[in-house]
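**Student:** Here you go, sequence then predicted model.
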Amino acid sequence: MPTSSVAPPSPGRRPAWAEGLEELRAAATTEPGRLRVIGAVLALLVVVFGATTAWQVADRTAAADDVVERSQPLTADAASIYRSLADADTTAAGGFLAGVEGSAATRKRYDADIATAAGLLAKASRSSQGADGADEQIARLNRLLPRYTGLVETARANNRQGLPLGGAYLRYANAQMRTELLPAARALYDAETERLAADYDEAKAWPWWALAAGVAAVGALGWAQRRHYRRTNRVFNRGLLTATAATVAVLVWLVAGHAVARAGLTDSYEHGARSLRVLNEARIDALQARGDENLTLVARGAVLTGDQQDFYEAGFRARMKDLAGPGDHGAAAVRSRLGAALGLADDAAGRDPVREALTYVRQWQARHAQARAADEKGDYDWALAKVIGAEGSTGASFDRVAAGLQKALVHEQAEFRSAADGGRGALAGLPVGAGVLAALAAVGAVLGIGRRLAEYR
C-alpha cells in the first residue's frame, strides 16, 4: 500500500518574513521606495508630535485646574479651620470675662466658629483624597473637637454658679486648644499647602517630550524639503510646505502658550497664594494674641513661664512680635507678618488694608499697656473695661485689625484667581488645536511625497 509523505522544505528556501524584509530593503534602494519610507516617517513624526503635545498639555491644564479649583480652595479652608478654632478659643475667654451679661453675643459667635470648623472639616474629609497627612489630621481634629467643647461648657457652667473652678476648666480647654487642636489644624494647613505647591510644579513643568518631538518633526520636514530641492531644483513642495507650516504653528503655540501659562501661574503664586498665606498667619497671630490677652485676666497670674513671667502675657508679646515686629510703635519689621504682607502686595488696594491693620495693631498695643498697668495696680475693673469694653478698648482695636486683614485677604484672593485663570486660559484649545494641525501636517506630508511619487509613474 503506497504511503504519502510531505516533502521537506528546500534547504535554500527562507521564511516569508525574511523574504518580505528583503523586498522592502530592495524597494528602499530605489527612489520611489525611499520616498515612500520618507513619507511614512514624516507622517509618523508629526502625528507623534501632535499626540504628545495633546497629552502633556492636557496634564498641565488639569494641574492648573487643580490649583484653582481644588488645591487653593482646600488650603483656604484649612486656614479657615485654624482661624475658626482660634477665634472660638478667644471668644470663649472673652465670654468668660464678660460674665452672664455678655454670654448671649459671645455664645452666638462661639457656636458659629465651632459650626464653621466642623463643617469645613467635613468638607475637607470629602475632598482630601488621601493627601499625605491630611486625612490623619482631619480625623484627629474630629476626635478632639468634642472634648474641647465639653471643657468649655463645663467652664461656663461653673462660671454661672460663681465657682472659681470655671477658670481652671477654661485654662485646661485653652491648653488643649494650644497643644492639640491648633497643631493638628496647622499640620492640615501645611499638608494642603504642600499639595498646592505640588500642583503648581506640575502645572508649570515644561512639556519636554512634546518639545523634543516638535523639534524632531520640524527638522525632518526641513531635511525632506532640502532633499527635494537638491534632486529636482524646485524650491517649494506645497504638501511639505503645508506640513512644515502646521508643525511650526503647533510648536510656536506650545512654547508661547506654556510660557504665558507659567507667567500667569507664577504671578498667582507670588502675588496671590504667598500673600494669602502671610495674611492668614497674621490673622491667626492676632486671634491668638487676643486670646492670650483675655486669658491674662482670667488666670490673674496663676499660670507662669519657667522664668516666672505671666504665661499669657508672654504669649501676647510673642504674638505681637510675630505680627508687627519688636517694639510697640512705628513701621512693621520687614520679617514680621504685616511687613511681609506689605512687601508682597503689588498695588495700593492690597497695601492699604494692611497699613490700616498695622495702625490699629499699634493702637491695640498702647491700650493693652494701659490695661496691664491698671491691673498691676489692683484696678481690675478698669483693666477689664479696657480689654472688653465697647469704646476705647483693646477689643475694639482687635476688631479693626481683623477687618483690615479680612479686606486684604479678599483682595489677594481676587488677585490670585485673576492671575491663575489667565495662566490656565493660555493653554485653552491647545490639545485640540495640536491634534487638528498635526493631522493636517501628516496629510500634507503624505500628499507632498505622493506628488513626487507620481512623477515616476
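**Tutor:** On my side now, so go ahead.

**Student:** drop to CA atoms for contacts and neighbour counts, all remaining ones
**Tutor:** Fine.

**Student:** check contacts around residue 56.
**Tutor:** 207, 209-210 (C-alpha atoms under 8 Å, 6 or more residues apart in numbering).

**Student:** Check which helix or strand it maps to.
**Tutor:** Assigned by DSSP states H and E, residue 56 belongs to helix 31-66.

**Student:** Point out the other elements, helices or strands, that the helix or strand containing residue 447 touches.
**Tutor:** Using DSSP H and E, the element containing residue 447 is helix 430-454. Packed against helix 430-454 by the contact rule (3 or more C-alpha pairs under 8 Å, 6 or more residues apart in numbering; DSSP states H and E) you find helix 31-66, helix 238-268.

**Student:** Same list, those helices, but as JSON lines with distance to residue 157 please.
**Tutor:** Putting the helices and strands packed on helix 430-454 into JSON lines (distance: least, C-alpha to C-alpha, whole Å) gives the following:
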{"stretch": "helix 31-66", "distance to residue 157": "46"}
{"stretch": "helix 238-268", "distance to residue 157": "48"}
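
**Student:** host element of the residue nearest to the spatial centre of the chain?
**Tutor:** Centroid-nearest residue in the chain, with C-alpha atoms, centre = their mean: residue 196, separated by 3.0 Å. Residue 196 is part of helix 182-204 when elements are defined by DSSP H and E.

**Student:** helix or strand right after that helix?
**Tutor:** Per DSSP H and E, the first helix or strand lying C-terminal to helix 182-204 is helix 208-232.

**Student:** quick revisit: so the residue nearest to the centre of the chain touches residue 69, yeah?
**Tutor:** No - counting by C-alpha atoms under 8 Å, residue 196 does not reach residue 69; the two are 10.7 Å apart.

**Student:** Give me the mean pLDDT for the helix holding residue 56.
**Tutor:** For helix 31-66, mean pLDDT is 85.

**Student:** quick one: the nearest residue to residue 446 once chain neighbours are set aside from residue 230, how far?
**Tutor:** With sequence-adjacent residues excluded and distances taken as C-alpha to C-alpha, 6 or more residues apart in numbering, residue 446 is closest to residue 39, at 5.5 Å. Note on residue 39: its distance to residue 230, by C-alpha to C-alpha, to the nearest Å, is 17 Å.

**Student:** between these two, who's got more neighbours?
**Tutor:** Ranked by neighbour count (other C-alpha atoms under 10 Å), residue 39 and residue 230 place residue 39 first, with 24 against 11.

**Student:** any idea how far that one lies from residue 351?
**Tutor:** According to C-alpha to C-alpha, residue 39 stands 61 Å off from residue 351.

**Student:** quick one on the thing from earlier: quick one, what contacts the residue nearest to the centre of the chain?
**Tutor:** 67, 71-72, 75.

**Student:** redo that, cut-off 10 Å
**Tutor:** Contacts for residue 196 (C-alpha atoms under 10 Å, 6 or more residues apart in numbering) come out as 63, 66-68, 70-75, 190, 202, 269, 273.

**Student:** Would you mind putting the residues you listed into a markdown table with distance to residue 429 and neighbour count alongside?
**Tutor:** Rendered in a markdown table, the data for the contacts of residue 196 read as follows (distance: C-alpha to C-alpha, whole Å; neighbours: other C-alpha atoms under 10 Å):
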| residue | distance to residue 429 | neighbour count |
| --- | --- | --- |
| 63 | 16 | 23 |
| 66 | 18 | 18 |
| 67 | 19 | 28 |
| 68 | 18 | 22 |
| 70 | 22 | 18 |
| 71 | 23 | 25 |
| 72 | 24 | 23 |
| 73 | 25 | 16 |
| 74 | 27 | 24 |
| 75 | 29 | 24 |
| 190 | 34 | 17 |
| 202 | 19 | 17 |
| 269 | 24 | 21 |
| 273 | 26 | 26 |
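
**Student:** Now those in a markdown table, please, with extra columns for distance to residue 163.
**Tutor:** Below are these laid out as a markdown table (distance: C-alpha to C-alpha, whole Å):
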| residue | distance to residue 163 |
| --- | --- |
| 63 | 57 |
| 66 | 53 |
| 67 | 51 |
| 68 | 51 |
| 70 | 48 |
| 71 | 47 |
| 72 | 46 |
| 73 | 44 |
| 74 | 42 |
| 75 | 42 |
| 190 | 40 |
| 202 | 58 |
| 269 | 52 |
| 273 | 47 |
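
**Student:** Would you agree residue 225 is in contact with residue 244?
**Tutor:** Yes - with contact defined as C-alpha atoms under 10 Å, residue 225 counts as touching residue 244 (9.3 Å).

**Student:** neighbour-wise, which of these two wins?
**Tutor:** Counting neighbours by other C-alpha under 10 Å for residue 225 and for residue 244 shows that residue 244 has the greater number, 25 against 19.

**Student:** just checking, the more buried one touches residue 219?
**Tutor:** Yes - Residue 244 sits in contact with residue 219 when judged by C-alpha under 10 Å, with a separation of 9.3 Å.

**Student:** Count the residues that sit near residue 442.
**Tutor:** Applying other C-alpha under 10 Å, we find 29 residues neighbouring residue 442.

**Student:** What distance do you get for it to residue 47?
**Tutor:** Applying C-alpha to C-alpha to residue 442 and residue 47 gives a distance of 7 Å.

**Student:** what do the two both touch?
**Tutor:** Counting by C-alpha under 10 Å, 6+ apart, the residues touching both residue 442 and residue 47 are 41, 247, 436.

**Student:** Of these, just say which sits nearest to residue 87.
**Tutor:** residue 436 (55.0 Å; C-alpha to C-alpha).

**Student:** number of nearby residues for that closest one?
**Tutor:** When neighbours are defined as other C-alpha under 10 Å, residue 436 has 16 of them.

**Student:** That one contacts residue 246, doesn't it?
**Tutor:** Yes - with contact defined as C-alpha under 10 Å, residue 436 counts as touching residue 246 (9.3 Å).

**Student:** Name the residues contacting each of residue 196 and residue 69.
**Tutor:** Common contacts of residue 196 and residue 69 (C-alpha under 10 Å, 6+ apart): residue 63.

**Student:** any idea which helix or strand carries residue 97?
**Tutor:** helix 72-98.

**Student:** Buried residues of the very next helix or strand once past that helix, list them for me.
**Tutor:** Once the chain leaves helix 72-98, the next helix or strand it forms, by DSSP H and E, is helix 103-127. Across helix 103-127, burial judged by 16 or more other C-alpha atoms under 10 Å covers 103, 106, 109-110, 113-114, 116-118, 120-121, 124-125.

**Student:** coming back round to it: tell me the buried residues in the helix holding residue 447?
**Tutor:** So for helix 430-454, counting by 16+ other C-alpha under 10 Å, buried means 430-450, 452-453.

**Student:** Check stretch 186-202 too.
**Tutor:** 186-197, 199-202.

**Student:** Then stretch 164-184?
**Tutor:** Buried, per 16+ other C-alpha under 10 Å, within stretch 164-184: 166-174, 176-177, 180-182, 184.

**Student:** that older thread, return the member of the contacts of residue 196 nearest to residue 418.
**Tutor:** For the contacts of residue 196, the nearest to residue 418 is residue 68 (10.0 Å; C-alpha to C-alpha).
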